[in-house]
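K.L.:
here are the coordinates; sequence isn't available:
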């Protein structure tokens, strides 16, 4: 099954808006095992829209169109579809009724422009919009099905999932693509790729690939096959990846690292405190991101200056003088002091050089010490020296993610030194 | 001048990667006053690429192609351009020399696949890649210029700016588009739009529009005209917008709110401390984002629990019992205590309900009290009750941005109550 995606809008061709709709629709087609052979984007120009529709129809089984269904004069999709099909626009009584009901409910007067939204090509049908005013359109030209959606991403996604996905699933004839995603922290993409290189061969089914988003590496597994086959195919390949990467995998699908850590703390009635220098509050922010985290997050200190390390965390200024503020010793003391003062089960200490200035040959930009103080014994303290590359923001982000990674491994009773690659 | 943008790659048609390259190129064309009449995206399939090139050539003066120039077998752009032009591929001696030099420098062996990157259609020329191995290609078919770039965004942008932009500027015949951007915080997009509605009329030149990115509203002004005209056109319209929005404008172009605030503090040798509840460290993180902020950021407290508000900020538990942790009184005391304890010039206090739970009719989700304690008098304290909508993340983000906005106005000696819309 071949599909073409047509996106409509001046904001897309002029680059003001990045076309995330086309990517989302492309993913949906992939999941259905359909081939997206072309994506087209044109501006708000009826001749260009009509030409794009006419040229697409002979080359696809499904034409997905988004955008240009609004009530203003630069919304031209309705008329363009009619022109491409060589049909007049007619008013759809049911769509008009829905529109009138919508405006009655929000107590606003319906304009003539709004009324135009209930028009459709004569042989087409209107499709309900569950989150906005503009109805969609289903049309057909020869063997090609045409599905028209609004351009507002929320409205487009809802209409696609509610009205078009069931039709496409039926058309795809039972071949589907299922995707699993395993999320990893504490190792780089190239190291992870090396562990599963044999699984990543081009053309394999299931196919395996890696992606990076905001510093988190994900392994994606795509299985294409009959609906009753793909689940087992995914499960088998996922088990192999899990065996290779073990405890580095912190979650599957869209579950974030902060959610995993916070949920573990909440379930075990444990608490956490933070003492941050170079990350400036980013670790605390991550640990308070998940709803309900107020029950496990006790207290955070952002001790950016040496004075505040002394006055707030009672770190002996001599220690800083002897080893430097960025040192294994200071990182460790930050965590133990934070844990003690906050009376928390766990505490994180971070000190490092986020740059771009203040590096030296012995202590270069990107050197960050991260420590985890825990409850196992009076000296339950793990300290790791990390070397991160990149700009200030990515050094701070990777430091914060590594802190959560170390905490996660400690929460599981594991030794980070034995699990993380060097 | 008409342009078409052709993007190549399976990762784009399958939706794994959002096509930000096409948007970036679309913006560049806008800036040049050129019309992007079509964006096309095809997968790694030679027949599809050749067909897209052949169909585009008659409809544009400039065809911009990105992607598919790498060294692997699914990089098909070079051969496709040659096929579309009906020419053989030949080896470019100068490009081969650059490649050999590159591999010598990184002390890696050059493979035969890498050598293929020095091939080009016979009548075309190779273009240097200043950040990677794949050279670009300049070709011509009739009156259409074809500019080929790598798909890696960094390499594409560098090659476009260094090699293709000067040619396009010449081709555009002196008509250019200039863009100015004014960044605003402390007011919503619809309120801002209402202040400048008359300037935003469709078809006006300069054109004026608003965009929102990460909670910050920007007003963009686009002037199209001769190079010697556009600067004055932009200056005139910018002055009108500045007059309407006044002190709500915190910067122009890409200067961030945290940078504006931090630079002001550094220039005036002033310092800042933070006491955060619902934002969980986000304000501290923003205030330590800018390099050199260690000189003005004294100390941050993340006092998420009531105990930590008492033990760390010495807030009387009776105050919390009487007014509640989310109250004008507690927010104010958080700032005054933080300022005193950190011995800082300024301090920010924040307490609120980020949700999704814990709201009540009197104190709904989204209610956030933000206070700024300052040096003007013993009771230099401004407190604002804010009502934010959205999910937990956006409530935290808007709260943090409002805190920086209030601080910025106070730093300028202004009264936030007189400047911000209600």
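P.N.:
Received, thanks. Please read these numbers as outputs of a predicted model, since none were measured by experiment.

K.L.:
name the nearest residue to residue A:49, sequence neighbours excluded.
P.N.:
Spatial nearest neighbour of residue A:49, excluding adjacent residues (CB to CB, 6 or more residues apart in numbering or on different chains): residue A:80 at 3.8 Å. C-beta coordinates here come from the backbone N, C-alpha and C atoms, glycine included.

K.L.:
secondary structure element for that neighbour, which one?
P.N.:
Under the criterion of DSSP states H and E, residue A:80 resides in helix A:77-85.

K.L.:
quick one: average pLDDT of that helix?
P.N.:
For helix A:77-85, mean pLDDT is 96.

K.L.:
go on, stretch A:251-269?
P.N.:
In the prediction, stretch A:251-269 has an average pLDDT of 96.

K.L.:
chain center to that stretch: distance?
P.N.:
16 Å (CA atoms, centre = their mean, to the nearest Å).

K.L.:
how long is stretch A:198-206 from one end to the other?
P.N.:
The first residue of stretch A:198-206 is 12 Å away from its last residue (CA to CA, to the nearest Å).

K.L.:
tell me the gap between that stretch and the middle of its chain.
P.N.:
24 Å.

K.L.:
mind checking what secondary structure residue A:97 has?
P.N.:
Here residue A:97 is recorded as helix under DSSP: H, G, I helix; E, B strand; the rest coil.

K.L.:
any idea how far residue A:118 is from it?
P.N.:
8 Å (CB to CB, to the nearest Å).

K.L.:
so which of the two has more stuff around it?
P.N.:
For residue A:97 versus residue A:118, neighbours defined as other CB atoms under 10 Å in any protein chain shown are more numerous around residue A:118 (22 against 11).

K.L.:
pretty sure that one sits against residue A:90.
P.N.:
No. Residue A:118 is not in contact with residue A:90 according to CB atoms under 8 Å; the separation is 9.7 Å.

K.L.:
packing partners of the helix holding residue A:80?
P.N.:
If contacts are counted by 3 or more CB pairs under 8 Å, 6 or more residues apart in numbering or on different chains; DSSP states H and E, helix A:77-85 sits against helix A:46-56, strand A:89-91, strand A:119-121, strand A:136-141, strand A:144-149.

K.L.:
about what we covered before: what sits against the residue nearest to residue A:49?
P.N.:
A:46, A:49-50, A:53, A:68 (CB atoms under 8 Å, 6 or more residues apart in numbering or on different chains).

K.L.:
let's see that with 10 Å instead.
P.N.:
Neighbouring residues of residue A:80 by CB atoms under 10 Å, 6 or more residues apart in numbering or on different chains: A:6, A:8, A:42, A:45-54, A:65, A:68, A:121, A:148.

K.L.:
same question, residue A:216
P.N.:
With CB under 10 Å, 6+ apart, residue A:216 has these contacts: A:183-185, A:250-251, A:256-257, A:397, A:401, A:405.

K.L.:
if we go to 7 Å?
P.N.:
A:183, A:185, A:257, A:401 (CB atoms under 7 Å, 6 or more residues apart in numbering or on different chains).

K.L.:
same question, residue A:129
P.N.:
A:135-136, A:150, A:155, A:159.

K.L.:
widest-spaced pair of those?
P.N.:
Using CB to CB, the pair of those lying farthest apart is A:135 and A:155, separated by 10.4 Å.

K.L.:
those two: which has the busier surroundings?
P.N.:
residue A:135 (25 against 20).

K.L.:
quick one: that one and residue A:95 touch, right?
P.N.:
Yes. If you go by CB atoms under 7 Å, residue A:135 and residue A:95 touch, sitting 4.6 Å apart.

K.L.:
overlap in contacts, these two.
P.N.:
Shared contacts of residue A:135 and residue A:95, counting by CB under 7 Å, 6+ apart, come down to A:118, A:126.

K.L.:
and for the nearest residue to residue A:313 once chain neighbours are set aside, the neighbour number?
P.N.:
Nearest residue to residue A:313, sequence neighbours excluded (CB to CB, 6+ apart): residue A:337, at 4.4 Å. Neighbour count for residue A:337, taken as other CB under 10 Å: 22.

K.L.:
coming back round to it: now the helices and strands packed on helix A:77-85 in TSV, with mean pLDDT and mean neighbour count?
P.N.:
Formatted as TSV, those follow (pLDDT from 0 to 100; neighbours: other CB atoms under 10 Å in any protein chain shown):
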stretch	mean pLDDT	mean neighbour count
helix A:46-56	96	19
strand A:89-91	95	14
strand A:119-121	96	23
strand A:136-141	97	20
strand A:144-149	97	24
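
K.L.:
looking at these, spot the one closest to residue A:128.
P.N.:
Per CB to CB, nearest to residue A:128 of those: strand A:136-141, 7.8 Å.

K.L.:
outside of the closest one, which residues touch it?
P.N.:
A:57, A:78, A:81, A:85, A:120-121, A:123-127, A:129, A:146-149, A:159, A:163.

K.L.:
go on, stretch A:61-77?
P.N.:
A:1-9, A:21, A:25, A:44, A:46, A:49, A:56-57, A:78, A:113-114, A:116-117, A:134, A:143-151, A:156, A:168.

K.L.:
would you list the helices and strands packed on helix A:77-85 in TSV and tack on distance to residue A:354?
P.N.:
TSV is the format used below for the helices and strands packed on helix A:77-85 (distance: least, CB to CB, whole Å):
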stretch	distance to residue A:354
helix A:46-56	48
strand A:89-91	59
strand A:119-121	57
strand A:136-141	48
strand A:144-149	44
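
K.L.:
so which of these comes closest to residue A:211?
P.N.:
Nearest of these (CB to CB): strand A:144-149, 26.2 Å.

K.L.:
now the closest residue to chain B within the stretch 301-422 of chain A, nearest residue through space, not along the chain?
P.N.:
Nearest residue of the stretch 301-422 of chain A to chain B (CB to the nearest CB) works out as residue A:302 at 3.0 Å. Counting by CB to CB, 6+ apart, residue A:302 lies nearest to residue B:300, which is 3.0 Å off, once chain neighbours are set aside.

K.L.:
list the contacts of the one you found.
P.N.:
When contacts are counted by CB under 7 Å, 6+ apart, residue B:300 touches A:281, A:302, B:273-274, B:281, B:284.

K.L.:
tell me the two of these that are most distant?
P.N.:
Farthest pair in the contacts of residue B:300, by CB to CB: B:273 and B:281, 13.2 Å.
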